[in-house]
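Trainee: Quick one: sequence plus predicted model below, questions after.
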Amino acid sequence: MDADILRKLGLALVLSIPAAALAGDLRLLTEYSPPDIMRDGERIYGISPDLLRLAMAKTGLPYSMEIMAWRRAYVLALQKPDTCVFSTGRTPDREDLFKWVGPLREVDWTFFGMADAPFKLTALEDARPLRIGTYHGDVRHSYLEARGFIVDSTQEDLANPKKLLAGRIDLWATGMQNARREIARNGWTGKIVPLLTFNSSQLYLACNKGVPDATTSAINAALAELQRDGSAAAIQRKYQDVGGKSR
């Protein structure tokens, strides 16, 4: 049988499972993080919300979507069996904590610093003696902290460029689009610049281990179909000029 026919049959079988047999209402938790997640009144939109909304429509699964503080969303996804959190960096230390759906998108990990910084970065190790500003709970924060770098975290990522300008940190670990957006909005162009992109990661919907396998399989199958038919790429293009963070 043709491989494409087999693929379509497989997707149809997964999506034909009655929603009641898969799960109750699924809580999809996230935070405000352009361009990945934005809010206009009660409407939640952006790259990942738009993609997940299309995928959930394909599955027919009942769900809700909420914005809250990232740390609270992450902890609830760890604790509550009907809960998922996005957009979450999939790292080795998190691998066994969740069931993973995606990827939803990919982000870079970039060091930003002052344009007149007295040091040069050619590799990650060059940053070891420097003070690095991170957003607490962000995947970049966890990665750098676990490797013994000097990490100075904050509960609000926008505090990091302000600390950089004040000389309280040497580097800001963030994403290229996110930083460029904030730099432009706050009049810091030419003062704060990218110095080194040291890694990248894919972002996922991370679901509590209690979410049924049939549920995560159905959403994964729907997302794969959206990748194949070009819908996912169209959503990426729609928001490509807006910045974002990585959790």
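Mentor: Nice, thanks for sending it over. Numbering: from 1, shown residues only.
Trainee: show me the contacts for Pro92.
Mentor: The contact partners of Pro92, taken as C-beta atoms under 8 Å, 6 or more residues apart in numbering, number zero. The C-beta positions use only the backbone N, C-alpha and C, and glycine is treated the same way.
Trainee: how close does it sit to Gln202?
Mentor: Using C-beta to C-beta, to the nearest Å, Pro92 is found at 13 Å from Gln202.
Trainee: mind checking the longest helix of the protein?
Mentor: Criterion DSSP state H: the longest helix present in the chain is helix 213-228.
Trainee: helices and strands around that one, which ones?
Mentor: helix 3-15, helix 19-22, helix 47-59, strand 99-114, strand 192-207, helix 231-238 (3 or more C-beta pairs under 8 Å, 6 or more residues apart in numbering; DSSP states H and E).
Trainee: Could you state which residue of the protein sits nearest its centroid?
Mentor: The centroid of the chain falls nearest to Ser87 when counting by C-alpha atoms, centre = their mean (3.2 Å).
Trainee: check contacts around it.
Mentor: Per C-beta under 8 Å, 6+ apart, neighbours of Ser87: 30, 33, 36-37, 47-48, 104-105, 203-205, 246-247.
Trainee: rerun at 6 Å
Mentor: Residues near Ser87 by C-beta atoms under 6 Å, 6 or more residues apart in numbering: 36, 48, 104, 203.
Trainee: So what are the structural domains in the chain, by residue number?
Mentor: According to automatic domain parsing, the chain comprises the domains 7-106+202-238, 109-200.
Trainee: Worst mean pLDDT among those?
Mentor: For these, mean pLDDT drops lowest on domain 7-106+202-238, to a mean of 89.
Trainee: re the thing from before, find the nearest non-adjacent residue to the residue nearest to the centre of the chain, please.
Mentor: Leu203 (3.6 Å; C-beta to C-beta, 6 or more residues apart in numbering).
Trainee: how many neighbours does the one you found have?
Mentor: Residues lying near Leu203 (other C-beta atoms under 10 Å) number 25.
Trainee: same check, this time on Ala123
Mentor: Neighbour count of Ala123, defined by other C-beta under 10 Å: 9.
Trainee: mind checking how far it is from Asp152?
Mentor: On the measure of C-beta to C-beta, Ala123 and Asp152 end up 21 Å apart.
Trainee: ok so, going back, could you export the helix or strand that contains the residue nearest to the centre of the chain as PDB, CA atoms only?
Mentor: Per DSSP states H and E, Ser87 falls inside strand 83-89. In PDB, the C-alpha atoms belonging to strand 83-89 read as follows (Å, rounded to 0.1, in the frame of the first residue of the first chain):
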ATOM      1  CA  THR A  83      -2.800  19.900  32.400                       C
ATOM      2  CA  CYS A  84      -0.100  20.800  29.800                       C
ATOM      3  CA  VAL A  85       2.200  23.800  29.500                       C
ATOM      4  CA  PHE A  86       3.600  25.600  26.400                       C
ATOM      5  CA  SER A  87       5.900  26.600  24.900                       C
ATOM      6  CA  THR A  88       8.400  24.400  26.800                       C
ATOM      7  CA  GLY A  89      12.000  23.700  26.000                       C
END
